[in-house]
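**Student:** what's the 3D shape of this:
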Amino acid sequence: MTISAPFIRRPVATTLLTIGIGLAGVLAFQLLPVSPLPQVDFPTISVRAGLPGASPETMAATVATPLERALGRIAGITEMTSSSSLGSTNITLQFDLSRDIDGAARDVQAAINAARGILPSGLPSNPSYHKSNPASAPVIIISMTSDTLNRGQMYDSASTVLAQALSQVEGVGEVSIGGSSLPAVRVELNPTALNHYGIPTSTVRSAIATTNANRPKGYID
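**Tutor:** The predicted structure is shown next:
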């Protein structure tokens with residue numbers, strides 16, 4: 001007795017079974033998840049540099065170009081894009097899938113340090129980098145409210161406490177804060193008094209910048 005013998009003797013049951021299997025296959029095909037492209041996260045690092053008041057052309061020529069030359073020597077880069085705007089430059093580095101993101105970040109930091117000597121001396125701070133893809137949307141958005149603190153105080157707490165803690169969470173590439181600004185002191189000058197004493201505004205600016213210098217405390221050997 002062969003396996004096909006019962007199906008040959010019962011053609012009606014065989015037909016109904018075939019139709020049932022076909023309908024089940026059609027229904028299962030409709031429920032299959034289909035992805036047009038594979039979900040691949042390329043190792044991406046974003047480098048940012050700022051020079052207040054510089055035009056986009058100046059940022060591209062004096063900041064973006066030296067950084068691109070230094071960063072272009074890093075192994076494993078598959079794509080490098082940059083954009084310059086008023087006082088800001090953004091460079092996005094995309095690495096090969098086999099490249100470790102932590103090792104790439106160390107190479108990026110070394111390249112930034114190597115390019116510091118050919119960058120404009122007026123940069124308020126060294127270029128920074130983040131291990132995140134600027135094309136990706138935020139994973140989570142947190143809002144803060146308070147009945148006792150104003151917006152400036154909440155922004156200060158979010159910047160100095162909450163953002164620092166979230167940045168240390170494993171897997172977090174970047175924490176950005178918006179909605180207000182840090183507390184600041186606005187200095188209003190009296191042009192008549194400055195002219196009387198012969199003090200230019202550049203001298204006042206230099207005095208304020210020197211008094212409020214933010215310098216590293218100590219060193220690491």
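**Student:** C-alpha from now on. contacts and neighbour counts both.
**Tutor:** Noted.
**Student:** Would you map the strands across this protein?
**Tutor:** 44-50, 77-85, 88-95, 128-130 (DSSP state E).
**Student:** quick one: contacts of the second one?
**Tutor:** So the one you mean is strand 77-85. Applying C-alpha atoms under 8 Å, 6 or more residues apart in numbering, the contact partners of strand 77-85 are 55-57, 59-60, 64, 72, 89-96.
**Student:** Would you give the sheet partners of that strand, along with the direction of each?
**Tutor:** According to DSSP bridges, strand 77-85 has the following sheet partners: strand 88-95 (antiparallel).
**Student:** longest single helix anywhere in the chain?
**Tutor:** Of all segments of type helix in the chain, defined using DSSP state H, the longest is helix 11-31.
**Student:** tally of neighbours for the spatially closest residue to Met144 that is not a sequence neighbour?
**Tutor:** Using C-alpha to C-alpha, 6 or more residues apart in numbering and skipping the chain neighbours, the partner closest in space to Met144 is Met154 (7.4 Å). By the criterion of other C-alpha atoms under 10 Å, Met154 has 19 neighbours.
**Student:** List the residues that contact the nearest residue to Arg99 once chain neighbours are set aside.
**Tutor:** Nearest residue to Arg99, sequence neighbours excluded (C-alpha to C-alpha, 6+ apart): Gly76, at 6.4 Å. Contacts for Gly76 (C-alpha under 8 Å, 6+ apart) come out as Phe95, Asp96, Arg99.
**Student:** wouldn't the first one be in contact with Asp41 here?
**Tutor:** In this case it means Phe95. No - proximity of Phe95 to Asp41 does not meet the contact threshold set by C-alpha atoms under 8 Å, at 10.3 Å.
**Student:** Mind checking which of these two has more residues around it?
**Tutor:** A direct count of neighbours by other C-alpha under 10 Å for Phe95 and Asp41 places Phe95 higher, at 21 against 8.
**Student:** Can you read off the pLDDT for the more buried one?
**Tutor:** For Phe95, the pLDDT comes out at 91.
**Student:** ok, and the closest non-adjacent residue to the most centrally placed residue in the chain?
**Tutor:** For the chain, Ser132 is the residue whose C-alpha lies nearest the centre (C-alpha atoms, centre = their mean; 4.4 Å). Spatial nearest neighbour of Ser132, excluding adjacent residues (C-alpha to C-alpha, 6+ apart): Gly173 at 5.0 Å.
**Student:** What's the separation between the one you found and Tyr197?
**Tutor:** 51 Å (C-alpha to C-alpha, to the nearest Å).
**Student:** ok, the two, which is more surrounded?
**Tutor:** Gly173 (15 against 8).
**Student:** I figured the more buried one hits His130, correct?
**Tutor:** Yes - under the criterion of C-alpha under 8 Å, Gly173 makes contact with His130 at 6.2 Å.
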